[in-house]
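Enquirer: Provide a 3D model corresponding to the input given below.
(chains A and B)
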Amino acid sequence: MTARPNAIALSDIESALASLAVRAPATLASATLVTVGLADEYTTMDSPIGPVFVAWNGRGVSAVDAAGDARQFEQRFGRAFGRPIRRAAALAPRLERALARRLAGDRRAAIDLDLRGRTDFERAVWSKALEIPRGEVRPYGWIAAEIGRPRAVRAVGTALAHNPVPLVVPCHRVVRSDGLLGQYSLGGPGKKRAILATEGLDADELEELARAGIRYVGSDTTRIYCLPSCHNARRISDRHRVPFRSAAASETAGYRACRECRPDSAARAA
Amino acid sequence: MDGPLLADLATDLDGNFERLVLSHQDRLYTIALRLLGDPRDAEEVAQDAFVRAYRALASYEPMRIRELRLRPWLATIAINVCRNRARRRTLQLVSLEAPARRQLDDGGPGAVATSLADPTGGPLEATVRRDSAHHWAALLASLPALYRAPIVLRHVDGLSYEEMSSVLGRPEGTLKAQVHRGLALLRDAHRHSPDLDRQEMTA
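Expert: Residues are numbered from 1 along each chain as shown, chains lettered A, B, ... in the order given. As a prediction, this is how the structure comes out:
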């Protein structure tokens, strides 16, 4: 009666094969959307002003925010970007190392940024801000002149206020053209002062100079003048330090502009 | 049936790409799982395929997107990703005459999900079906890749021979012969496999 064991018709094999279709794991769709940049993940990281939220997707880091708590951050992110966001266990190790290096002042640490939808002007402002060394500051007008838009000082300020990734793009190193610290997107001027302090810059001293009308300092040995926070300016001993109220005054006195901090750029802005 | 989705993708890729993923993720994952055997590899392949699809769509003119045939197009991408991985790793599974790896399909979460999702099967029937799926997945994995890909596309994914021809770049007649030969090999392998009940006891 029994046929050969396990005999089977081809049509039964076909239906057995049809039942081999399975469901995709739940992680597949969400991981895919993060990779193409249609959803983000976030976690917190240490910073000079304490833990901050950092968000990213497959295109790069998308946001840095000092929100009070995770819920507030998620809401703010949703309003600003309109994409779903989900807490991740941790940063990818490579990104974590690169962020730590960047925050420690290493401008060469490679960090991809997701700057979709930003204007060329904004990108130019932010990449110029990235050139400012740790512990130094430049006026808004300096950025405007350096990117070839000397009359766009106010727009530079606006672009910096809209920097989605403060600390990673160090907009805290850009100050008002009168030498005062000015606003800061990541929690106000107090935070700006605190971050600069961790970078070894005494903002009080800088503002004192500014209030006294001093915008530049020169060395009477090298006959070079700098922005006051330039590392070259800070090496000038008190005996040889010459204060200037304007770039024109320095030039008249026979000083040339430092090639690293380029103080003449600050002067060129309108 | 993908017409409305394609029209939406053509006008707003970012706003509709999630729909594409949700409506095709099960089949891309299934294709990869049945070709490669490993659930983790399959998930990576499916994700990679969707990412490539996204980048391609982002570079296509709206007209070209509307004219896509989504099912075979996505299958082509997934199969290419599988091939690239195989080439990179010189993975024994996809090389042409590879023997089966025994634990090819551990029945993974996907297989269980299928049986649970089946509304017609009671618990007992579901168990039998799951074991049967395990059995057939293992036999399928033992097929030479030359036959496995056509079998998976035709009988697991349900593509037409015409669609398969564009996916695999082989003539329809060749594919029909390969599917037929593959089914015969599966029947022989089934015939010589240990009895299902005994297999269950020793599993």
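Enquirer: Just the pLDDT at B:Ala100, thanks.
Expert: On the pLDDT scale, B:Ala100 is placed at 41.
Enquirer: Alongside chain B, which residues does chain A contribute?
Expert: Chain A comes close to chain B at residues A:4-8, A:10, A:13-14, A:16-25, A:27-29, A:31-33, A:35-36, A:38, A:58, as judged by CB under 8 Å from any CB of the partner chain. (Glycine included, C-beta is placed from N, CA and C.)
Enquirer: Just the buried ones among those, please.
Expert: For the residues of chain A next to chain B, a burial check counting by 16 or more other CB atoms under 10 Å in any protein chain shown picks out A:13-14, A:16-17, A:19-25, A:28-29, A:31-33, A:35-36, A:38, A:58.
Enquirer: chain center to stretch A:94-105: distance?
Expert: Between the centre of stretch A:94-105 and the centre of its chain there are 12 Å (CA atoms, centre = their mean, to the nearest Å).
Enquirer: now, which of the buried ones among the residues of chain A next to chain B lie within helices?
Expert: Taking DSSP state H as the definition of helices, those contribute A:13-14, A:16-17, A:28-29, A:31-33, A:35-36.
Enquirer: so what's the residue positioned nearest the centre of chain B up against?
Expert: Per CA atoms, centre = their mean, the C-alpha nearest to the average position across chain B is that of B:Ile31, at 1.1 Å. By CB atoms under 8 Å, 6 or more residues apart in numbering or on different chains, the contact list for B:Ile31 reads B:75, B:78-79, B:152-153, B:156-157.
Enquirer: Can you pull up the most central residue in chain A?
Expert: Closest-to-mean residue, chain A, CA atoms, centre = their mean: A:Val169 / 1.5 Å.
Enquirer: how about that one, what does it touch?
Expert: A:113, A:126, A:129-130, A:163.
Enquirer: excluding its backbone neighbours, what's nearest the closest residue to chain B within the stretch 151-270 of chain A?
Expert: Nearest residue of the stretch 151-270 of chain A to chain B (CB to the nearest CB) works out as A:Pro164 at 17.7 Å. Nearest residue to A:Pro164, sequence neighbours excluded (CB to CB, 6 or more residues apart in numbering or on different chains): A:Ala63, at 5.2 Å.
Enquirer: Settle this for me: the one you found is touching A:Gly78, isn't it.
Expert: No. The criterion here is CB atoms under 8 Å, and A:Ala63 misses it with A:Gly78 at 10.9 Å.
Enquirer: Please identify which of those two sits among more neighbours.
Expert: Comparing A:Ala63 with A:Gly78 by other CB atoms under 10 Å in any protein chain shown, the one with more neighbours is A:Ala63, at 23 against 13.
Enquirer: Please spell out which residues along the helix or strand where the more buried one lies are buried.
Expert: Assigned by DSSP states H and E, A:Ala63 belongs to strand A:60-65. Under the neighbour-count criterion of 16+ other CB under 10 Å, strand A:60-65 has A:60-65 buried.
Enquirer: can you tell me which of the residues you listed lies nearest to B:Glu44?
Expert: Comparing the buried residues of strand A:60-65 against B:Glu44 with CB to CB picks out A:Gly60 as the nearest, at 21.2 Å.
Enquirer: Contacts only, for that closest one.
Expert: Contacts of A:Gly60 by CB under 8 Å, 6+ apart are A:111-115.
Enquirer: now the helices: where do they sit in chain B?
Expert: Counting by DSSP H, the helices of chain B are B:3-11, B:13-36, B:39-59, B:62-66, B:70-89, B:109-117, B:123-142, B:145-151, B:161-168, B:172-192, B:196-202.
Enquirer: Check the stretch 51-200 of chain A too.
Expert: Assigned by DSSP state H, counting those that start in this stretch, the helices in the stretch 51-200 of chain A fall at A:70-81, A:93-103, A:120-129, A:140-146, A:153-161, A:189-198.
Enquirer: now the strand holding A:Ala63 and helix A:70-81, what's the angle there?
Expert: 120 degrees (axes from the mean of the first three to the mean of the last three CA atoms, to 10 degrees).
Enquirer: Please export the C-alpha coordinates of strand A:60-65 as CSV.
Expert: Provided in CSV are the C-alpha atoms of strand A:60-65 (Å, rounded to 0.1, in the frame of the first residue of the first chain):
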residue,chain,number,x,y,z
GLY,A,60,26.1,62.4,8.9
VAL,A,61,25.5,64.2,12.2
SER,A,62,22.2,66.1,11.9
ALA,A,63,21.8,67.9,15.2
VAL,A,64,23.5,68.9,18.5
ASP,A,65,21.2,70.3,21.1
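Enquirer: so when I look at A:Ala7, I'm seeing a strand, right?
Expert: No. A:Ala7 sits outside any strand when classified using DSSP: H, G, I helix; E, B strand; the rest coil, being coil.
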